[in-house]
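A.B. asks: Quick one, fold the following:
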Amino acid sequence: MKLIYRLAVRLCLVLLPIMALWVWLFYASMVDEINDEVDDALEDYSELIVIRMMAGQELPGLNDGSNNSYSITPVDERYVASRPMIDYRDAEVYIPEKKETEPARMLTTIFRDDAGQFYELRVSTPSFEKDDLLRTAAYWAVFLYLFLLLTVLGLTLLVFQRNLRPLYVLLRWLDDYHPGTGNRPVPNDTTIAEFRRLNVAAQEALDRSEALHEQQKQFIGNASHELQTPLAVLGARLEWLLDGPDVNERQAGEIIQMQRTLSHIVRLNRTLLLLTKIDNNQFPENSDVDIAALVREQAELCGEIYASRGLVCSPALPGSFTVRMNESLASVLVTNLVKNAYLHSEPGTRIDIRIEGRMLTVSNEGGEALDGERIFERFYQGSKKEGSTGLGLALVRAVANYYALEVGYRFENGRHVFSVTWP
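C.D. replies: Now for the predicted structure:
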């Protein structure tokens, strides 16, 4: 998830409890303020009733046009001792005119007349539905939350998008960067100090990487020259010894074994150098390559080499399948896939090679399922075969990674299936 979207999500989560707390505080303060105003009115009304009763004047009528109602009840001293003198509370009051019960605010006060008789005065007035108020407050809070959320997110995304633009420019540059291909300098046209420092640090790191890459290329070239020459000389001397007049049959057998070992070392050295060159992006030249033609050529060649094993190959290929690749690497990819199938197939079995859409599939019979997570590792071999270096499928993976191809392995119906898909 992008930083800006993660920030937006967290901002939503932070605003939610803040808005919930705000709604609760707003509701509580509103209820407290309304109750305070109602309590003041009830207090004035109860004071009027007490004054009139103490003065022997006529009390207000119960239906005098106001919403207030009251009742006066004589009480004894024991009751007075167990009750507060003044008490405000919420209650439910029956309204005869409406024949229903409604919420009300009630004031209960206890007073004593001149004769020493205690009375309990209950004064009430219709109040508001707190549930309705809470629902209304919650409704408008949700509306306000969504409005604030959209506003804040919009402004945040706009501000971050503009201020993080240098970072996105650097990321796009890094996506296009390839070692050893003459890349343009890191863009650094921002006025933000932190991003300028980041760009400078990135340029310095990439300069060091380019220097190390160039040193590695020189080492590979030197290693290729220094190793191949003595190996070639050693091979020539073994040939000279084998052709000597004083070599007996036992010595000749030993020399032939030495030649086979030397040949394996030569192939291994060339393959490792090729893998290193692929990893170092030393194949920049691309052209249109017909994969179908390469598959036909390699299938015919391997069919001749392994003719004694009775293998049957039935390629199902289109007329052509052209991709944009380095021709040498395309040949490496196809050759190693086809050769691997011929090398590891049981004698007399069938090899299927087909191209469907943009996928090349090579399948063969032989042995049990291999470890799909390790099959493309260097020197991993499910079963050791003479003439195999253990690097063929590693070369396939290296070429696939070089061109962002999808390479896969599966075992189904007793067959090993290798596939390469071009995007």
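A.B. asks: what's near enough to touch the nearest residue to Thr335 once chain neighbours are set aside?
C.D. replies: Closest residue to Thr335 apart from its sequence neighbours, by Cβ to Cβ, 6 or more residues apart in numbering: Gln298 at 5.3 Å. All C-beta atoms are positioned from the backbone trio N, CA, C, and that covers glycine. Applying Cβ atoms under 8 Å, 6 or more residues apart in numbering, we find Gln298 in contact with 334-335, 338-339.
A.B. asks: Same question for Leu148.
C.D. replies: Counting by Cβ under 8 Å, 6+ apart, Leu148 touches 15, 19.
A.B. asks: how close does the residue nearest to Thr335 get to Val142?
C.D. replies: Using Cβ to Cβ, to the nearest Å, Gln298 is found at 68 Å from Val142.
A.B. asks: How about Gly414?
C.D. replies: On the measure of Cβ to Cβ, Gly414 and Val142 end up 62 Å apart.
A.B. asks: Looking at the contacts of Gln298, which is nearest Gln215?
C.D. replies: Thr335 (30.5 Å; Cβ to Cβ).
A.B. asks: And for the closest one, the neighbour number?
C.D. replies: 19 (other Cβ atoms under 10 Å).
A.B. asks: For the strand or helix carrying it, buried residues please.
C.D. replies: According to DSSP states H and E, Thr335 maps onto helix 327-343. Neighbour-count burial for helix 327-343 flags 329-343 (criterion: 16 or more other Cβ atoms under 10 Å).
A.B. asks: What helices and strands are in contact with it?
C.D. replies: With contacts defined as 3 or more Cβ pairs under 8 Å, 6 or more residues apart in numbering; DSSP states H and E, the packing partners of helix 327-343 are strand 287-290, helix 291-305, strand 350-356, strand 359-365, helix 392-402, strand 415-421.
A.B. asks: Could I get the buried residue list for the fifth one?
C.D. replies: Spelled out, that is helix 392-402. Neighbour-count burial for helix 392-402 [16+ other Cβ under 10 Å]: 392-400, 402.
A.B. asks: May I have it exported as CSV, CA atoms only?
C.D. replies: Extracted C-alpha coordinates of helix 392-402, given in CSV (Å, rounded to 0.1, in the frame of the first residue of the first chain):
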residue,chain,number,x,y,z
GLY,A,392,20.9,-25.6,-17.2
LEU,A,393,17.7,-24.6,-15.4
ALA,A,394,19.6,-22.0,-13.4
LEU,A,395,20.4,-20.4,-16.8
VAL,A,396,16.7,-20.6,-17.8
ARG,A,397,15.8,-18.8,-14.6
ALA,A,398,18.5,-16.1,-15.1
VAL,A,399,17.4,-15.4,-18.6
ALA,A,400,13.7,-15.3,-17.5
ASN,A,401,14.6,-12.8,-14.7
TYR,A,402,16.6,-10.7,-17.1
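A.B. asks: That one to strand 359-365, inter-axis angle?
C.D. replies: Between helix 392-402 and strand 359-365, the angle comes out at 170 degrees (axes from the mean of the first three to the mean of the last three Cα atoms, to 10 degrees).
A.B. asks: now helix 392-402: mean pLDDT?
C.D. replies: With pLDDT averaged residue by residue, helix 392-402 scores 81.
A.B. asks: That helix: how far from the chain's middle?
C.D. replies: Counting by Cα atoms, centre = their mean, to the nearest Å, helix 392-402 is centred 27 Å from the centre of its parent chain.
A.B. asks: Show me what that helix packs onto, helices and strands only.
C.D. replies: Based on contacts counted as 3+ Cβ pairs under 8 Å, 6+ apart, the elements that helix 392-402 packs against are helix 249-279, helix 327-343, strand 406-412, strand 415-421.
A.B. asks: Please identify the most buried of these.
C.D. replies: helix 327-343 (a mean of 21; mean count of other Cβ atoms under 10 Å).
A.B. asks: between it and strand 406-412, what angle do the directions make?
C.D. replies: Angle, helix 327-343 to strand 406-412, by the same axes, to 10 degrees: 10 degrees.
A.B. asks: Just want the angle from helix 327-343 to strand 350-356.
C.D. replies: Using the same axes, to 10 degrees: helix 327-343 against strand 350-356 is 150 degrees.
A.B. asks: Pull the residues that contact helix 327-343.
C.D. replies: Residues contacting helix 327-343 (Cβ under 8 Å, 6+ apart): 274, 278, 283, 287, 289, 291, 294-295, 298-299, 302-303, 305-306, 309, 311, 313, 323, 351, 353, 360, 362-364, 385, 387-388, 392-393, 395-396, 399-400, 402-403, 416, 418, 420.
A.B. asks: swap in stretch 149-157?
C.D. replies: 4, 7-8, 11-12, 15.
A.B. asks: List the buried residues in that stretch.
C.D. replies: By 16+ other Cβ under 10 Å, the buried positions in stretch 149-157 come out as 149, 153.
A.B. asks: The residue nearest to His416 when sequence neighbours are not counted: neighbour count?
C.D. replies: Nearest non-adjacent residue to His416, counting by Cβ to Cβ, 6+ apart: Asn364, 5.6 Å away. Per other Cβ under 10 Å, the neighbour tally for Asn364 reads 24.
A.B. asks: Report the separation between Asn364 and Glu346.
C.D. replies: Asn364 sits at a distance of 8 Å from Glu346 (criterion: Cβ to Cβ).
A.B. asks: Flag every buried residue along stretch 82-98.
C.D. replies: Buried residues in stretch 82-98 (16+ other Cβ under 10 Å): 88, 93.
A.B. asks: Strictly from the record, what residue spans define the domains of this protein?
C.D. replies: By the assignment in automatic domain parsing, the chain contains the domains 3-149, 193-279, 287-421.
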